[in-house]
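In: When you get a sec, could you give me coordinates for this:
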Amino acid sequence: MAANGSPTVRRRRLGAELRQLRRAAGMTSQQVAGRLLVSQSKISLLETGRRAINPRDVRDLCELYEVTDQSLVASMMRMAKQSRQQGWWVAYGDVPYSVFVGMETEAVAIHSYEPLLIPGLLQTPAYAAAVIAQTNPHITAEQAATRLEVRLRRQHRAHHPARLLRLWVVLDESALHRAVGTADIMREQLEHLNRLGSQPHITVQVLSHTAGAHPGVSGQFSILSFPGSDSGVVYLERFTSDLYLEKPADRRPYHLMHDHLQAQALGPEQSRGFIRDTNRIHTRPS
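Out: Take a look at the predicted model:
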């Protein structure tokens, strides 16, 4: 397992595989629990990835489901072993959005809409520090420093040479005008945003105010896609508790919404020009 692998995502993927095998065997979770002499809640927690699973559990379940492909069984047992390892972010203690960080680490693509701020993966250190300080006035200086370090380390995923993250951001014009920190911080941030947006694996589009009402007025969302799977997660950031939507019926509207936002936003090249023009506001002498 890579050092930055995500046990959270691996557990979810492994649980989904076990659920499919159970259904293919024509068994209910209650029947499985009865045969293995465990609680039904344990089977449910394993299949949803909310409980760590060990290789022996995988072996017993595969025997019960009469799985004959031993290479599949061995692969799932390896995944079970890997899923019990901790991600790099655990060393930082109780950091917010730890579930999302795990998913982000494992994702191969993220499509997002951001209405108010530059996304964390595209922030400069100074901008990120200002965001953390201004949106969390109750935390200590030590906590703020830890959150900043985690945010900057998250950015390594976007530029990993062996597995580049496909990042597609639709950014509301408001995020370009919102003065986070000083004018120098904003100038540096918008220049940084344009440099990143010119890379082939990162697309930044600006949705100007002239677009009027649009599907994204309800707020921020991110769509994460994972390797070797048609599954995904929609992440909705909230002040006290975040939401993760995994059912295809729940995710589909957000895929359509992002398609509409892309169509209404300026193209990538036009967006870079728009960002340059907007940056003149932040460089204008007071």
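In: CA only for contacts and neighbour counts going forward, please
Out: OK.
In: Next secondary structure element downstream of the helix or strand hosting residue 253?
Out: Here residue 253 sits within helix 248-264, counting by DSSP states H and E. With elements assigned by DSSP H and E, the helix or strand that comes after helix 248-264 is helix 268-283.
In: so where do the helices sit in the chain?
Out: 7-24, 29-36, 40-47, 55-64, 70-83, 98-106, 125-135, 141-154, 173-177, 183-197, 248-264, 268-283 (DSSP state H).
In: can you tell which of those helices is closest to residue 220?
Out: Distance to residue 220, taken as CA to CA, is lowest for helix 248-264 among the helices of the chain, at 10.7 Å.
In: got JSON lines for the helices of the chain, with mean pLDDT too?
Out: Shown next, in JSON lines, are those (pLDDT from 0 to 100):
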{"stretch": "helix 7-24", "mean pLDDT": "84"}
{"stretch": "helix 29-36", "mean pLDDT": "92"}
{"stretch": "helix 40-47", "mean pLDDT": "90"}
{"stretch": "helix 55-64", "mean pLDDT": "92"}
{"stretch": "helix 70-83", "mean pLDDT": "86"}
{"stretch": "helix 98-106", "mean pLDDT": "84"}
{"stretch": "helix 125-135", "mean pLDDT": "95"}
{"stretch": "helix 141-154", "mean pLDDT": "93"}
{"stretch": "helix 173-177", "mean pLDDT": "96"}
{"stretch": "helix 183-197", "mean pLDDT": "96"}
{"stretch": "helix 248-264", "mean pLDDT": "94"}
{"stretch": "helix 268-283", "mean pLDDT": "92"}
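In: can you tell which of these is closest to residue 205?
Out: Nearest of those (CA to CA): helix 268-283, 5.2 Å.
In: Any idea what residue 222 is bridged to?
Out: residue 112, residue 235 (DSSP bridges).
In: number of nearby residues for it?
Out: For residue 222, the neighbour count with other CA atoms under 10 Å is 21.
In: Give me the distance between it and residue 107.
Out: 11 Å (CA to CA, to the nearest Å).
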